[in-house]
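[1] Have a look at this prediction, sequence included:
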Amino acid sequence: MTYPSLLTPHSSRGFFITGTDTGVGKTLVAAGMLSGFANLGYATVGMKPVASGCRETPAGLRSEDAETLLRYSSVTPAYRDVNPYALAPPIAPHLAAAAAGVEIRIEIIRNRFDRLVAGADVVVVEGIGGWLVPLNRDDTVAELVAALRLPVILVVGIRLGCLNHAMLTAKAIRAADLELAGWVANCIEPQVALFDANIQALRERIPAPLMGVIPHFDSDSPEKITGHLEMKHLAEILPKPTTTLSPNVAPGSGI
């Protein structure tokens, strides 16, 4: 399904982070990018449009991924804008939404995205699962990215099978006429046979620049990851920072 009425002119104001699978480090890369852009003087905010496996809190359902993105954002919007769909069951989003009696609607996500764009220089949007994960009866993550008009950063979890997953995902992104701005190699296992050879094989086959190689860390640390990302090259895709908001100030009234 296409959404011509939802196309937004803000395509240069952020990135969409997708992955070769779930659990490959999308949140860490997104948080690392938020931290890196803030260091370069950009007002930044993260977005997790859809999250399943959320926990119940006094304030309502909360996603650990969304909270991580908020923690590394330099502006602080309302949680409902960062994570419009927080779902409890730890299952595929369209199934979790059905279990909760709600329908994930791309136009609502786009509306919340526009609110975030209005208060920041850069919005880093993290997907859920892989590229073709269903969101509702008709739409997948791919349709969401088309509606947001964002360039895509592909996080490749380096492990056995990653070559096939990475090349299939890159091909699908290009087939959808969307921009694959770059990819990040994330060593998600302590030991990977022929790690450098795998990276080289992907460099030769993915038609986009390598934007970072993240070694395996004992603990999750976006600050460490920032140092392994090509932040200056990523920043070349963006306009110069213009937002004058102070860090950790909510952008606009009523948010």
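    Yep, it's here.
[2] Going by C-alpha atoms from here, please, whenever you check contacts or count neighbours.
    Fine.
[3] so residue 15 bridges to which residues?
    residue 124 (DSSP bridges).
[4] which stretches of the stretch 1-150 of the chain form strands?
    Here the stretch 1-150 of the chain has its strands, by DSSP state E, counting those that start in this stretch, at 14-19, 44-47, 50-51, 55-57, 60-62, 85-86, 122-126.
[5] Could you say which of the ones you listed is packed most deeply?
    Mean neighbour count (mean count of other C-alpha atoms under 10 Å) peaks for strand 44-47 among the strands of the stretch 1-150 of the chain, with a mean of 32.
[6] Can you show me the CA trace of that strand as PDB?
    The C-alpha trace of strand 44-47 is given here as PDB (Å, rounded to 0.1, in the frame of the first residue of the first chain):
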ATOM      1  CA  THR A  44      18.400  15.300  18.600                       C
ATOM      2  CA  VAL A  45      15.500  13.100  19.400                       C
ATOM      3  CA  GLY A  46      14.800   9.300  19.000                       C
ATOM      4  CA  MET A  47      11.600   7.600  18.000                       C
END
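[7] Okay, residue 239 and residue 211: tell me how far apart.
    18 Å (C-alpha to C-alpha, to the nearest Å).
[8] more crowded one of the two?
    Counted by other C-alpha atoms under 10 Å, residue 239 and residue 211 do not tie: residue 211 has more neighbours, with 21 against 13.
[9] Isn't that one up against residue 199?
    No: with contact defined as C-alpha atoms under 8 Å, residue 211 does not reach residue 199; the gap is 11.9 Å.
[10] What does the pLDDT read for residue 85?
    On pLDDT, residue 85 comes in at 98.
[11] For the spatially closest residue to it that is not a sequence neighbour, give me its contacts.
    Nearest non-adjacent residue to residue 85, counting by C-alpha to C-alpha, 6 or more residues apart in numbering: residue 50, 4.8 Å away. The neighbours of residue 50, taking C-alpha atoms under 8 Å, 6 or more residues apart in numbering as the test, are 83, 84, 85, 86, 87, 93, 127, 128.
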